[in-house]
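J.: Here is my input, please return the structure:
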Amino acid sequence: MTSTTAAPNPLLDFHDLPLFDRITPADVAPALDQLLADAEQALETVTAPDFHADWTAIARVLDVATERLGRAWGAVSHLNSVADTPELRAAYNAALPHITDFWTRLGADERLYAKYKAIAPSGLSPEQQQAHRNAVRNFVLSGAELQGAAKQRFAAIQERQAELSQKFSENALDATDAFAYYASEAELAGLPADVRQAARAAAQAEGKEGFKLTLKMPCYLPVMQFADNAALRQRLYTAYSTRASEQAPEEFRKFDNGPLIREILALRHEEAQLLGYANFGEVSLVPKMADSPQQVMDFLRDLGRRARPYAEQDVADLRSFAAERLGLADPQPWDWAYIGEKLKEARYAFSEQEVKQYLPAPKVLAGLFKIVETLFDVAIRRDSAPVWHPSVEFYRIERGATLVGQFYLDPSARAGKRGGAWMDDVRARWLRPDDGRLQTPVAHLVCNFASGTDGQPPLLTHDDVTTLFHEFGHGLHHMLTQVNEHDVSGISGVEWDAVELPSQFMENFCWEWNVLRHMTSHVDTGAPLPRELFDKMLAAKNFQSGMATLRQVEFALFDMLLHTQGEPARDAMALLAQVRAEVAVLPTPPFSRPAHTFSHIFAGGYAAGYYSYKWAEVLSADAYAAFEESAHADGSPNLETGRRYRSAILEAGGSRPAMESFKAFRGREPSIDALLRHQGMA
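T.: Numbering: from 1, shown residues only. Here you go, the predicted structure:
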């Protein structure tokens, strides 16, 4: 008889990169059971009375075990986001309570807290001192000082919140995926050819007639911007704005996130009170740059006040153009994006569609790599690794002959992949305490761009290009770090409201002629973007920036008020209406439910932190102003400024407070002036 041995579990292989092509749902439970048991054992070892309270000794035992657990769970979570199947979702959800329970208990373990408090900071390196300060603070925020019933309740709240966040995310994804409308060719008048082709191919793949329209961004947004058929726009707008809510059609109401929102808010409020804070907004800000919820709301209201005259002018322009040129005396909510696109075409004599023809994805990527290589003195090369989908690419970043970091790029929208764009870490840079090796950082860069059709490469909108640069900025922050302590290397330990600085900083290059011209090539002729077209884009850059700013202020203020206004079981929609009355310049239909898919704050870590985007825009605009001030006569960036930025911001990671890093680069505290100037509101 021949004996067969089971293949080793790919989630337990840590010798290099995750084996994404081999991980199956059946691997999840056994691997995590093993890693959780190892981590539990490590925790018991380091908290034993005779174990010396020494930073490196604890790291050698506990951090090594928990880092492995984190990497395996990170791989499972990542697959759950980009390659969702019923089987994987079930395995993920079965493991989630066990993972949450372990991290909750670890963070609140008073024996471990006592060990950390007993470590003398004077014996640590500056990096370790920062990590130690963060660790002690996080123990307090994780309930380590709670006792008895309060501690048990705190743990139960964490587990329930993890379940609810995951369910919120699933509902948002499922509600988006569930909708499809098969349009006739006549209904698609005005829609770009590549969007029509993709919709036709999607219908044909299902053996259906017509054109399949979905609520995924590469389809939904062009319909809202370009479709001449108002009834079609109304149909998609209504479906999109009622996703995951009680306002959706009967068959989709099973995805309603309303009850989850109420429970999540109530649990966060209770958690804050257990920790001795008045509300969750105060808890959220403890590890951030901002000092108080009031400071954040004052900042947002000040920004809103400055943007309001520009936003009101934006709306007046739209209304008069709609009435005079489009015969729309009373525009409806589903008309504004369409009117905006037509006004932009009329005012600046170009359309997003025209620009898109010059932005094939491979050319854009090459241009992005060129600016990064030039500014930060690195080389980016193709590399190989196991991946989860054929469209995923893998790269390495080198300086000289030294490997600095690696990243996966997953650019395309598809079923089973959640919407949006994000960067996540696969592993952090770390001078490992177990074997003395320097572990290099690895990142995921995920977008949701349209795929190419008819053998053509994917074409990106200029917004897509900006998104790609944004996520790459996060990736550079993670990968170019020179910090060897994993809890403060790269993005780890960086204040949440400063973490968007490097991402938003990179967006600025998408508006530099010297950068953009090198990454354009017409899909049919190969011709570069004409300077005349770029000048029109630049003139249109701040088109509706007043409205766009107020929209972000609206979301951020809603988020902070939601988490600071006492008993949170109130109706979130009533609060949103109140915020809109204060901030918004465009009416919104009563059926619209944006909160029900506001995954940033209910499933993405931005609770009472959505203001971070605007806060970090102030930092990034001011940081970029240093490049504008030092640019050469021909407009090309000063490489010395690039090196200083790399050193002060990117390489420092979370090893010191973000304000110190900013001042090391700029020589002073940030000012709002550059942001207002960049957005045409100075």
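J.: Tabulate the CA atom coordinates of the lengthiest strand in the chain in PDB.
T.: Counting by DSSP state E, the longest strand found in the chain is strand 402-412. Presented in PDB, the C-alpha positions along strand 402-412 are these (Å, rounded to 0.1, in the frame of the first residue of the first chain):
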ATOM      1  CA  THR A 402      19.800  46.100  -1.800                       C
ATOM      2  CA  LEU A 403      16.100  44.900  -1.700                       C
ATOM      3  CA  VAL A 404      14.100  47.700   0.100                       C
ATOM      4  CA  GLY A 405      10.600  46.300  -0.300                       C
ATOM      5  CA  GLN A 406       8.100  44.500  -2.500                       C
ATOM      6  CA  PHE A 407       4.400  45.000  -3.500                       C
ATOM      7  CA  TYR A 408       1.400  43.300  -5.100                       C
ATOM      8  CA  LEU A 409      -0.700  45.400  -7.500                       C
ATOM      9  CA  ASP A 410      -4.300  44.300  -8.000                       C
ATOM     10  CA  PRO A 411      -5.800  46.900 -10.300                       C
ATOM     11  CA  SER A 412      -9.100  45.600 -11.700                       C
END
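J.: following that strand, which helix or strand shows up next?
T.: Downstream of strand 402-412, the first helix or strand assigned by DSSP states H and E is strand 422-427.
J.: Quick check: can you name the pairing partners of the helix or strand just after that next one and their directions?
T.: Once strand 422-427 ends, the next helix or strand along the chain (criterion: DSSP H and E) is strand 430-431. Sheet pairing for strand 430-431, assigned by DSSP bridges, gives strand 438-439 (antiparallel).
J.: Domain boundaries for this protein, per the record?
T.: Taking automatic domain parsing as the reference, the chain has its domains at 17-107+109-145, 179-255.
J.: Can you list phi and psi of L459 for me?
T.: With angles defined as degrees, to the nearest 10, L459 sits at phi -110, psi 130.
J.: Report the contact partners of it.
T.: D194, K356, Q357, L359, P360, A361, A450, G452, V523 (CB atoms under 8 Å, 6 or more residues apart in numbering). C-beta coordinates here come from the backbone N, C-alpha and C atoms, glycine included.
J.: between those, which is nearest L639?
T.: L359 (26.0 Å; CB to CB).
J.: Look up how far L96 lies from the closest residue to N93 other than its chain neighbours.
T.: Excluding the flanking residues, the one nearest N93 by CB to CB, 6 or more residues apart in numbering is Q166, at 6.5 Å. Distance check for Q166 against L96: by CB to CB, to the nearest Å, it reads 6 Å.
J.: ok, N9 touching P30?
T.: Yes: using CB atoms under 8 Å, N9 is in contact with P30, at 6.0 Å.
J.: Compare the two (neighbour count), which wins?
T.: More neighbours surround N9 than the other of N9 and P30, with 19 against 13 (other CB atoms under 10 Å).
J.: okay, which residue is most central for this protein?
T.: W422 (3.9 Å; CA atoms, centre = their mean).
J.: which residues does that residue bridge with?
T.: Residues in beta-bridge contact with W422 (DSSP bridges): V446.
J.: Can you read off the pLDDT for it?
T.: We have a pLDDT of 97 for W422.
J.: May I see the contacts of L459 organised as CSV, with secondary structure, pLDDT and neighbour count added?
T.: Shown next, in CSV, are these (DSSP: H, G, I helix; E, B strand; the rest coil; pLDDT from 0 to 100; neighbours: other CB atoms under 10 Å):
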residue, secondary structure, pLDDT, neighbour count
D194, helix, 91, 22
K356, helix, 94, 21
Q357, coil, 95, 18
L359, coil, 97, 24
P360, strand, 97, 22
A361, helix, 96, 21
A450, coil, 91, 26
G452, coil, 88, 19
V523, coil, 94, 17
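J.: Identify each buried residue in the helix or strand harbouring L468, please.
T.: Here L468, judged by DSSP H and E, is contained in helix 462-479. Within helix 462-479, the residues scored as buried using 16 or more other CB atoms under 10 Å are 462, 464-479.
J.: now do stretch 362-382
T.: K363, V364, L365, G367, L368, F369, I371, V372, L375, F376, V378, I380.
J.: excluding its backbone neighbours, what's nearest G420?
T.: N448 (6.5 Å).
J.: show me the contacts for the one you found.
T.: By CB under 8 Å, 6+ apart, the residues touching N448 are K216, M217, P218, S412, A413, K417, G419, G420, A421.
J.: F505 now?
T.: Contacts of F505 (CB under 8 Å, 6+ apart): G473, S620, A623, Y624, Y645.
J.: Work out for me the element it sits within.
T.: Using DSSP H and E, F505 sits in helix 501-507.
J.: in whichever helix or strand comes after that helix, what counts as buried?
T.: On the C-terminal side of helix 501-507, the closest following helix or strand by DSSP H and E is helix 513-516. Going by neighbour count (16+ other CB under 10 Å), the buried part of helix 513-516 is V515, L516.
J.: on contacts alone, who are the packing partners of the helix ranked longest in the chain?
T.: Identified as the longest helix of the chain according to DSSP state H is helix 293-325. The helices and strands touching helix 293-325, judged by 3 or more CB pairs under 8 Å, 6 or more residues apart in numbering; DSSP states H and E, are helix 280-285, helix 336-348, helix 545-562, helix 612-630.
J.: With respect to R305, which of those lies nearest?
T.: When those are ranked by proximity to R305 (CB to CB), helix 545-562 comes first, at 9.5 Å.
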